[in-house]
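1. no sequence on this one, just coordinates:
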């Protein structure tokens, strides 16, 4: 008879199980991702599973299910509840959907617990009963933070508990309209013997909350820890189970925080919400373009404003470049807030197509305000900033640019050009340089001169 192992090794990335430890997971190829857990054989059930056998298997059912015709299902287009925070509603796709499972991740101290307790305060003011389950703080600690933030919620209930079975019992007694779990890595189920936060525990607990949310149409918000690489701790299946994944981003040297949706089944992905961290908590920023441009220097070379799209929102950001002679044989390239490889590619285009001699110069790129830009429409802004610093010529402060740059030096069209142009017009810019293919229909913008360019030669002629 084959010996049953006492422990197994589970991959934290893909959830694959191995009988012995490997430096690299044989299934997904991730290094140092196997963690040791106690082995628990799955009970075998013959025939139709009964209620007792379902409980032994860890299967929870919160309602009786049966096939429903597609035409008989009621539309849910307008079935959204506002969280009371406009920027948070934007990231969620317009509001909270009944039965949705939302995962919020971010670095320690960035404001995850702050935003959810502010949201709980707003929801309770509108009459909704909110249950806040805390596995890391006592009710007195949460109360202390709530008093600092000015929370006076009468329908907010606090539950310091980490046992999943006890949490589900209290939820059944209270029957809240909203549930917040802080955090998913601290909750454990008695059906699995491994420690809280392990791959098996996180996967099982998330699955139970998912079935609860879908079965009772109760929105559930899960707060998740992140690893040192910035990804949410636990198996990758956690992000597949939930409906929406929100990442909290921000720099401790800046007051603003960004909530970015990387997955959303009920709205646009890559949508962002901008907040400012104050003594009274997180304050929503209605016009982020003004925040990122308020400290823009005057009369300095190497600075240009470009228009980026974050989800459905256009934003004006400042791109700065510094070109200076190197003390070594080969110039350095450094980019903050913009892709390094993309920066090297654009520098090569400048050298080949426009004759810029940058091999002996250090080139530094920075997106002011700590924002991360990952769309090709910022290419023209990066090239304009580098050219301005290299020639030591100022770009007019009332000029904005956007466009994708190809390897032959052509300026290619981008999406949502009209929204970008109107945002620049709203902020008072007088001149907009954009791809020629995007110029159609934008000639009549009041108070703004719209210039279409086909290549980098035309763009730099207009800038300087």
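-> Great, that's in hand. This one's a predicted model, so the numbers in the text were calculated from it and none came from an experiment.
2. Thought residue 38 was touching residue 193, still the case?
-> Yes - taking C-beta atoms under 8 Å as the definition, residue 193 is a contact partner of residue 38 at 4.6 Å. The way it works is simple: take the backbone N, C-alpha and C, and place the C-beta from them, glycine included.
3. can you tell me which residues contact the closest residue to residue 336 other than its chain neighbours?
-> Counting by C-beta to C-beta, 6 or more residues apart in numbering, residue 336 lies nearest to residue 366, which is 4.8 Å off, once chain neighbours are set aside. Neighbour list for residue 366: 319, 320, 321, 322, 335, 336, 337 [criterion: C-beta atoms under 8 Å, 6 or more residues apart in numbering].
4. ok, now how distant is residue 73 from residue 79?
-> 12 Å (C-beta to C-beta, to the nearest Å).
5. And these two? Which one has more around it.
-> Per other C-beta atoms under 10 Å, whichever of residue 73 and residue 79 has more neighbours is residue 79, with 13 against 8.
6. isn't the more buried one right up against residue 100?
-> No - in this structure residue 79 lies outside contact range of residue 100 using C-beta under 8 Å: 10.6 Å.
7. Flag every buried residue along the lengthiest strand in the chain.
-> If you go by DSSP state E, the chain has its longest strand at strand 313-325. Within strand 313-325, the residues scored as buried using 16 or more other C-beta atoms under 10 Å are 313, 314, 315, 316, 317, 318, 319, 320, 321, 322, 323.
8. and if you look at stretch 159-171?
-> For stretch 159-171, burial by neighbour count (16+ other C-beta under 10 Å) applies to 159, 161, 162, 164, 167, 168, 171.
9. Same list, the residues you listed, but as a markdown table with secondary structure please.
-> Below are those laid out as a markdown table (DSSP: H, G, I helix; E, B strand; the rest coil):
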| residue | secondary structure |
| --- | --- |
| 159 | strand |
| 161 | coil |
| 162 | coil |
| 164 | helix |
| 167 | helix |
| 168 | helix |
| 171 | helix |
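10. which one of these sits closest to residue 225?
-> Of all the buried residues of stretch 159-171, residue 162 has the smallest distance to residue 225: 14.0 Å, by C-beta to C-beta.
11. mind listing what the closest one touches?
-> The neighbours of residue 162, taking C-beta under 8 Å, 6+ apart as the test, are 135, 186, 187, 188, 196.
12. got the contact list for the closest residue to it other than its chain neighbours?
-> Once flanking residues are discounted, residue 162 sits nearest to residue 135: 4.3 Å by C-beta to C-beta, 6+ apart. Contacts for residue 135 (C-beta under 8 Å, 6+ apart) come out as 160, 161, 162, 181, 182, 183, 186, 187, 196.
13. do residue 81 as well
-> The neighbourhood of residue 81, defined by C-beta under 8 Å, 6+ apart, consists of 95, 96, 98, 123, 126, 128, 219.
14. Looking at the third one now. What's its pLDDT?
-> Listed pLDDT for residue 98 reads 91.
15. That one and residue 217 touch, don't they?
-> Yes - here residue 98 reaches residue 217: they are 4.4 Å apart, a contact under C-beta under 8 Å.
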